[in-house]
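>>> have a look; sequence and predicted model below, questions after that.
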Amino acid sequence: MQQRCWEDCVPSGMQHSDTGSIVSQVPFISPAAARTAPAAARTAPAAARTAAAAARTAPPTTPRVEPTSIPATTPRTIPTDIRHQFRQQDIERAHIAQRHHGPAGPRFDDEAFLVSEVDKWVHRCWTCTQRGYDDAHEMWRCGFTGAGGASRETQANKDWMKMVRGKVQYANYTAHFPCGMPQHICPLGDHHADHSEEVQKRCRGYRTVLIPMVAMMGKGPQRDAEVTQRWFQRLASRGVVDPERNDEGLIQYFGQRAPGTAQKRSQLTEEFIWLRRAYDGRERCSD
């Protein structure tokens, strides 16, 4: 009777088809699972909130960029002839400062005077200038007057110039050997020189000035006796024994470094500056 009442309370769809009992129709839930289910239900929203907050605070991701090969480039440099022009402009500015704003140091004045005089006498013959002849030629082309050939004195002066050029040994970094000019003035003296035609042309022009001018002003047929005597006295005071006849001692002196100069210069350069100043003063007095 009790069994009948219990079966009447169970819905008919949940009874076993053969026995009428409810075997395996209702899923079994253990007591432990029943206790943990409410806790899991409570923690699920919290985990969802934490994940959402992390997504909001995470930094934006940057798309990965695959490295590409960058072609090698050659660094640009200022051409040698342009650097040389800049250097000459610096010298000229220092010269102007020396004249208009008091002494800027004798080395700047000497440097500016050197550059201006060298540019003045490139491819010109000082001896023919003194004679009043056409001077638009180098020293080694001087002395030819039609069929008469070269004068003996002029030829001796050219031989002396060639001897100095062949024997002078400049101290390190004081001169560009082919032309004798200071390395910081001759563009080919720069180890970055590009050896362009313009640069080589300037060096060849300097070759016609420094040693030939010293030869003509100090030993040439048109030399001034008073200036030459003062020059020999100056050389003797600087340790050159018998400079008028002691060519070997004079050539050795020419190659030495001039003391007290900001830029390295040879004694040959200093003597060129001295001789040009001496003759410049004489020429100004005769005007």
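Now that the structure is in, tell me what you want to look at.
>>> helices or strands up against the helix or strand harbouring Val199?
Per DSSP states H and E, Val199 falls inside helix 197-207. Applying 3 or more C-beta pairs under 8 Å, 6 or more residues apart in numbering; DSSP states H and E, we find helix 197-207 packed against helix 80-100. The way it works is simple: take the backbone N, C-alpha and C, and place the C-beta from them, glycine included.
>>> which element is encountered next along the chain beyond the helix it packs on?
Using DSSP H and E, the first helix or strand after helix 80-100 is helix 106-121.
>>> pretty sure Trp274 is touching Arg234, no?
Yes - contact criterion C-beta atoms under 8 Å: Trp274 and Arg234 qualify, at 6.8 Å.
>>> find residues that contact each of the two.
Common neighbours of Trp274 and Arg234, using C-beta atoms under 8 Å, 6 or more residues apart in numbering, do not exist here.
>>> settle it for me: which of the two has more neighbours?
Trp274 (19 against 16; other C-beta atoms under 10 Å).
>>> contact partners for the closest residue to Tyr253 other than its chain neighbours?
Counting by C-beta to C-beta, 6 or more residues apart in numbering, Tyr253 lies nearest to Val240, which is 4.9 Å off, once chain neighbours are set aside. Each residue near Val240 by C-beta under 8 Å, 6+ apart is listed here: Asn246, Gly249, Leu250, Tyr253.
>>> of all those, which comes closest to Met139?
Nearest to Met139, judged by C-beta to C-beta, of the contacts of Val240 is Leu250 at 18.1 Å.
>>> quick one on the thing from earlier: got the angle between the helix holding Val199 and helix 106-121?
Here helix 197-207 runs at an angle of 100 degrees relative to helix 106-121 (axes from the mean of the first three to the mean of the last three C-alpha atoms, to 10 degrees).
>>> tell me the mean pLDDT for helix 197-207?
Taken as a whole, helix 197-207 carries a mean pLDDT of 88.
>>> what distance separates the start and the end of stretch 195-213?
Distance across stretch 195-213, first residue to last, is 26 Å (C-alpha to C-alpha, to the nearest Å).
>>> what residues of that stretch count as buried?
Across stretch 195-213, burial judged by 16 or more other C-beta atoms under 10 Å covers Val199, Arg202, Cys203, Gly205, Tyr206, Arg207, Thr208, Val209, Leu210, Ile211, Pro212, Met213.
>>> stretch 243-256 now?
Residues Pro243, Leu250, Ile251, Gln252, Tyr253, Phe254, Gly255, Gln256 are the ones in stretch 243-256 that count as buried (16+ other C-beta under 10 Å).
>>> spell out the residue ranges of the helices in the chain.
Remark: helices assigned in the chain by DSSP state H are 2-9, 31-57, 80-100, 106-121, 126-131, 152-167, 197-207, 210-219, 225-237, 247-254, 267-286.
>>> mean pLDDT lowest for which of these?
helix 2-9 (a mean of 47).
>>> what would the buried residues of stretch 243-256 look like in JSON lines with distance to Cys128?
Compiled in JSON lines, those are given as follows (distance: C-beta to C-beta, whole Å):
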{"residue": "Pro243", "distance to Cys128": "26"}
{"residue": "Leu250", "distance to Cys128": "25"}
{"residue": "Ile251", "distance to Cys128": "26"}
{"residue": "Gln252", "distance to Cys128": "30"}
{"residue": "Tyr253", "distance to Cys128": "28"}
{"residue": "Phe254", "distance to Cys128": "24"}
{"residue": "Gly255", "distance to Cys128": "29"}
{"residue": "Gln256", "distance to Cys128": "31"}
